[in-house]
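Asker: below are the sequence and a predicted model; questions follow.
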Amino acid sequence: MTELTRDVVIIGAGAAGTTAANELKKAGLSVVVLEARDRVGGRLWTDVIDGAMLEIGGQWVSPDQDALKETIAELGLETYSRYREGDSVYVGPDGTLHRFTGEMFPVAPETEKAIAEITERLDAMVAEIDPDRPWEHPNAAEWDAITWDAWLRSQTDDDEAVRNLAFATGSAMLTKPTHAFSLLQSLLMAASAGSYSNLVDADFILDRRVVGGLQQVPILLAERLGEDVLLGHAVRTLEWSDDGVVAHADGDLRVNARYAILAHAPVLYDRISFVPALPRRQHQLHQHLSMGFVIKVHAVYDRPFWREQGLSGTAFSPYELSHEAYDNTNHGDERGTLVGFVSDQNADDLFTLSAEERKERILESLSHYYGPEAKNPIVYYESDWGSEEWTRGAYAASFDMGGLHRYGADLRTAVGPIHFACSDMAGAGYQHVDGAIRMGRFAAANVLEAARR
Ligand code: FDA
């Protein structure tokens, strides 16, 4: 058995864990990061598949994500803009393809009016929400008791307006069916990006990418920690008391520390045996969180052929299997890459099919946006985070109906020497790398504060 002693043991080498570890090390504490996988990065994973560099996990950076932007700059990484010249496309309820520019979908005037009015209403509600404390809003209980779908349907009878408004926080963000989460959860998602309008604006939310891939952020942060990052060491048991913790990990490793930071998705807390058990409140609240589910589809072509048709590559339709798709061509690459997304129940249904049938169905959907050439990529890959043992879904976790108002306030509360950090409990940057970095900093600051006391 190997035995280590540190001030802080950090469980998980994603963006949150590597950030927390660096903050603590800078402040003079000794740390070790234990990572279950054989790589650093968690939901950030840049890999080469059949000769194409793909962002299998997170990739985009938006202008409001200050914590991520600061980290990127500090690590000396370069960013580039998503390709967006030309027309976007929208497929309507009858399957007709429409080209458009700007933010409003090309829909009938009365549908456009309904979308604009409800967007204004949502922006006003979001402006009243503190993303770090949505449960404190006077209407939080009421807004957490109605589903996102039911609330939208109470605002208009226009089904196309509802579907277009719904998918911004539904299929596109929380990646759950819109009847499975509350209005409050939807408002938190929008508040985390500054406004509902920001969230639906692809040019804002999917603004820039990192040259060489976003996984470099946790990789470079881990490099600074040197031998204090140990891969292939899943933590299985955490003993804790007022005096500190003992983490027991795979590879016959035992770490004694004053504090622990659990820096992974909250749905994985029950993979660890806590001795003694966590308090009642945590037992309850952790059961009300679950991961969304989305398949990120990568299709690489010998050239970005859609640009020849004057298309930006940006495509939306709440009626399509791939509800959104973008030009995802790598910086300096002559080839063209499209990325499409298949969410929630559509993703469940696709995984009942064979790999060949899945590919055919997805490429068929992309061809409705870009034409028949989309059916013949030279590289094709589906990111399937649902089958990743140490993640179990994508993009992140959210509360079930009523859960955010009931339990949200305790999600980040430390239990004795155990602190929590993950993008899935962030306010600003919620479900994003920016939120992971913010939560890494937050947990580190709380540990430092506790250590000072
Ligand atoms: P993360 O899950 O990354 O890290 C936790 C780590 O803990 C993992 O490495 C895991 O293996 C480890 N672990 C778990 N249990 C353990 C145990 N018991 N012992 C030891 N280790 C353990 N964000 C964004 O900003 N822009 C984007 O474009 C996207 N797009 C996107 C696409 C896809 C397909 C996904 C899956 C996700 C995104 N995201 C995103 C979200 C973003 O990737 C995500 O929010 C953060 O990377 C999460 O970072 P964390 O460090 O919080 O958790």
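Answerer: Here it is on my side, so go on. Nothing here was measured: the structure is a model prediction, and the numbers come from that model.
Asker: get me the contact residues on the stretch 251-400 of the chain for the ligand.
Answerer: 263-265, 268, 271-272, 296, 383, 385, 390-391, 394-396 (CB under 6 Å from any ligand atom). The way it works is simple: take the backbone N, C-alpha and C, and place the C-beta from them, glycine included.
Asker: out of those residues, who's nearest Ser182?
Answerer: Comparing these against Ser182 with CB to CB places Ala396 closest, at 16.2 Å.
Asker: quick one: neighbours of the closest one, just the number.
Answerer: By the criterion of other CB atoms under 10 Å, Ala396 has 27 neighbours.
Asker: for the one 4 residues further on, same thing?
Answerer: Around Asp400 there are 17 other residues, counting by other CB under 10 Å.
Asker: okay, it: pLDDT?
Answerer: Asp400 carries a pLDDT value of 98.
Asker: okay, strands next: where are they in the stretch 101-250 of the chain?
Answerer: 208-210, 229-230, 235-241, 244-249 (DSSP state E, counting those that start in this stretch).
Asker: what's the closest of the ones you listed to the ligand?
Answerer: Closest to the ligand of the strands of the stretch 101-250 of the chain, according to CB to the nearest ligand atom: strand 235-241, at 3.9 Å.
Asker: how is the chain carved up into domains?
Answerer: Taking automatic domain parsing as the criterion, the chain consists of the domains 2-41+215-278+415-452, 46-66+75-84+205-213+293-387, 88-201.
Asker: state the mean pLDDT of the second one.
Answerer: Along domain 46-66+75-84+205-213+293-387, the predicted confidence averages to a pLDDT of 97.
Asker: can you tell me the distance between the two ends of it?
Answerer: End-to-end span of domain 46-66+75-84+205-213+293-387 (CA to CA, to the nearest Å): 18 Å.
Asker: ok now it, how far from the chain's centre?
Answerer: 16 Å (CA atoms, centre = their mean, to the nearest Å).
Asker: what about the helices in the stretch 351-453 of the chain?
Answerer: Assigned by DSSP state H, counting those that start in this stretch, the stretch 351-453 of the chain shows helices spanning 355-370, 403-407, 433-452.
Asker: the stretch 101-250 of the chain now?
Answerer: According to DSSP H, counting those that start in this stretch, the helices that the stretch 101-250 of the chain contains are 109-127, 140-143, 148-155, 159-169, 183-191, 196-200, 202-205, 216-223.
Asker: pick the most deeply packed of these.
Answerer: Most buried of the helices of the stretch 101-250 of the chain by mean neighbour count (mean count of other CB atoms under 10 Å) is helix 183-191; its value is a mean of 27.
Asker: which ones among the residues of the stretch 251-400 of the chain next to the ligand lie within strands?
Answerer: Using DSSP state E, 296, 383 are the members of those that sit in strands.
Asker: let me have the residues of the stretch 251-400 of the chain next to the ligand in JSON lines, adding distance to Ala190 as columns.
Answerer: Output for those, formatted as JSON lines (distance: CB to CB, whole Å):
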{"residue": "Ala263", "distance to Ala190": "26"}
{"residue": "His264", "distance to Ala190": "25"}
{"residue": "Ala265", "distance to Ala190": "22"}
{"residue": "Leu268", "distance to Ala190": "26"}
{"residue": "Arg271", "distance to Ala190": "31"}
{"residue": "Ile272", "distance to Ala190": "33"}
{"residue": "Lys296", "distance to Ala190": "22"}
{"residue": "Ser383", "distance to Ala190": "25"}
{"residue": "Trp385", "distance to Ala190": "23"}
{"residue": "Trp390", "distance to Ala190": "29"}
{"residue": "Thr391", "distance to Ala190": "24"}
{"residue": "Ala394", "distance to Ala190": "19"}
{"residue": "Tyr395", "distance to Ala190": "15"}
{"residue": "Ala396", "distance to Ala190": "15"}
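Asker: most neighbours among the residues of the stretch 251-400 of the chain next to the ligand, please name it.
Answerer: With neighbours taken as other CB under 10 Å, the top of these is Ala263, carrying 30 neighbours.
Asker: about what we covered before: could you dump the helices of the stretch 351-453 of the chain to TSV with mean neighbour count?
Answerer: Shown next, in TSV, are the helices of the stretch 351-453 of the chain (neighbours: other CB atoms under 10 Å):
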stretch	mean neighbour count
helix 355-370	18
helix 403-407	22
helix 433-452	23
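Asker: give me the number of residues near the residue nearest to Thr237 when sequence neighbours are not counted?
Answerer: Sequence neighbours aside, His248 is the residue nearest to Thr237 in space, at 4.1 Å (criterion: CB to CB, 6 or more residues apart in numbering). Residues lying near His248 (other CB under 10 Å) number 18.
Asker: what do you get for Thr46?
Answerer: Neighbour tally, Thr46, other CB under 10 Å: 19.
Asker: any chance of the backbone angles for the closest residue to it other than its chain neighbours?
Answerer: Closest residue to Thr46 apart from its sequence neighbours, by CB to CB, 6+ apart: Gly213 at 2.9 Å. With angles defined as degrees, to the nearest 10, Gly213 sits at phi 110, psi 150.
Asker: show me the contacts for Gly213.
Answerer: By CB atoms under 8 Å, 6 or more residues apart in numbering, Gly213 lies in contact with 46, 53, 55, 59.
Asker: tell me which of the helices of the stretch 351-453 of the chain lies nearest to Lys25.
Answerer: Shortest distance between Lys25 and those, using CB to CB, is found for helix 433-452: 9.4 Å.
Asker: could you tell me how far the closest one lies from the centre of the chain?
Answerer: Averaging C-alpha coordinates over helix 433-452 and over its chain gives two centres that are 19 Å apart (CA atoms, centre = their mean).
Asker: returning to that earlier point: now the helices of the stretch 101-250 of the chain in JSON lines, please, with extra columns for distance to Asp349.
Answerer: Listed next are the helices of the stretch 101-250 of the chain as JSON lines, based on distance: least, CB to CB, whole Å:
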{"stretch": "helix 109-127", "distance to Asp349": "27"}
{"stretch": "helix 140-143", "distance to Asp349": "30"}
{"stretch": "helix 148-155", "distance to Asp349": "19"}
{"stretch": "helix 159-169", "distance to Asp349": "17"}
{"stretch": "helix 183-191", "distance to Asp349": "23"}
{"stretch": "helix 196-200", "distance to Asp349": "25"}
{"stretch": "helix 202-205", "distance to Asp349": "25"}
{"stretch": "helix 216-223", "distance to Asp349": "33"}
